[in-house]
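*Asks:* What shape does this take:
(2 chains)
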Amino acid sequence: MSSIEVNGKSFEVDEEGYLANLNEWEPAIGAAMAAAEDQPLSDEHWDIINFLREYYEEYQIAPAVRVLTKAVGKRLGKDKGNSKYLYELFPYGPGKQACKYAGLPKPTGCV
Amino acid sequence: MAVKKFMYVNRKAPYGTVYALESLEVVLIGAAFDQDVSLAFIGDGVYELTKGQDTKAIGQKNFSPVYSALGDYDVNKIYVEKESLEERGLTLDDLQHLVWEDEDEDYAEKDSIRLVSRAELADVMSEQEIILSF
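*Replies:* Residues are numbered from 1 along each chain as shown, chains lettered A, B, ... in the order given. Next up is the predicted model:
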């Protein structure tokens, strides 16, 4: 297990950089992970990250991209519920990248 | 890719073996392929859908909330065998209320669970092209 340092504290992450214990998550961790990948985070990014955390809280899984797209469209508006919008925010894949910053495991169905 | 009729048959209690969780993961992953998917719960498999599961004492993750996400994955044909419920002293009220949202009808919530008799389920099974048993 490797780890990342945030505000002087150390957090375990897996070999792909996903947080080992999602209960340890705090926004600063997501921000540090994004900074390490040169990914700026706007309010729009945080909308998606927070949405993913809420989805996980309720359903205990990180949604597949298709499901995320549909759910975002319903919650945040049709103009945001499409893969173009989500991939513009998270060019490495909204599932993989946003889930990582949200402290969630890699989405089931992310093949 | 031609659409095939897939049925996943769930026959085991949710914990104690890995079958229930494995089945669920295969369903979620398989959902990406836009097939005609249905789930059947028979025998002890009906326990997988019971509400109020508490796994603290066995130190395992309670994955039962995942079933309520199936609707998001367009998995909305969930057959529960009536006899299996009755043999275990259960009714539909003991199971989670699983719904899916119909986008074409302004996200109207519709029931996913279909209570069927053993004979009816046999008919549904005979219409399938691929049956995976867990």
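
*Asks:* Tell me the residue of chain B that sits nearest chain A?
*Replies:* Chain A sits closest to B:Ala69 of chain B, with a gap of 4.0 Å, by C-beta to the nearest C-beta. Any C-beta I mention is one placed from the backbone N, CA and C, and that applies to glycine too.

*Asks:* can I assume that residue sits in a helix?
*Replies:* Yes: counting by DSSP: H, G, I helix; E, B strand; the rest coil, B:Ala69 is part of a helix.

*Asks:* Return the residues in contact with residue 84.
*Replies:* The chain I'm using is chain A. Contacts for A:Lys84 (C-beta atoms under 8 Å, 6 or more residues apart in numbering or on different chains) come out as none.

*Asks:* please go with chain B instead
*Replies:* Going by C-beta under 8 Å, 6+ apart, the list of residues near B:Ser84 reads B:Phe41, B:Ile42, B:Gly43, B:Gly45, B:Val46.

*Asks:* Can you name the residues of chain B sitting close to chain A?
*Replies:* B:25, B:28-29, B:31-32, B:61-63, B:65-66, B:68-69, B:72-73, B:101, B:103, B:107 (C-beta under 8 Å from any C-beta of the partner chain).

*Asks:* go with 6 Å
*Replies:* For chain B, the residues in contact with chain A (C-beta under 6 Å from any C-beta of the partner chain) are B:Glu25, B:Leu28, B:Ile29, B:Ala32, B:Pro65, B:Val66, B:Ala69, B:Asp72, B:Tyr73.

*Asks:* now the helices for chain A?
*Replies:* Along chain A, counting by DSSP state H, helices occupy A:27-36, A:43-59, A:65-76, A:83-89, A:99-101.

*Asks:* ok, back up a step: which pair in the residues of chain B next to chain A spans the largest distance?
*Replies:* Farthest pair in these (C-beta to C-beta) is B:Ala32 and B:Pro65. Separation: 20.5 Å.

*Asks:* Tell me if I am right that B:Gly45 is in a strand.
*Replies:* No: going by three-state DSSP, the assignment for B:Gly45 is helix, not a strand.

*Asks:* and it, what pLDDT?
*Replies:* For B:Gly45, the pLDDT comes out at 98.

*Asks:* what bridges to the residue nearest to it when sequence neighbours are not counted?
*Replies:* What sits nearest to B:Gly45 in space, not counting adjacent residues and going by C-beta to C-beta, 6 or more residues apart in numbering or on different chains, is B:Asn10, at 3.8 Å. Following DSSP bridges, B:Asn10 is listed with bridge partners B:Phe41.

*Asks:* so what's B:Asn10 up against?
*Replies:* Contact analysis of B:Asn10 by C-beta atoms under 6 Å, 6 or more residues apart in numbering or on different chains lists B:Ser23, B:Phe41, B:Gly45, B:Glu48, B:Phe134.
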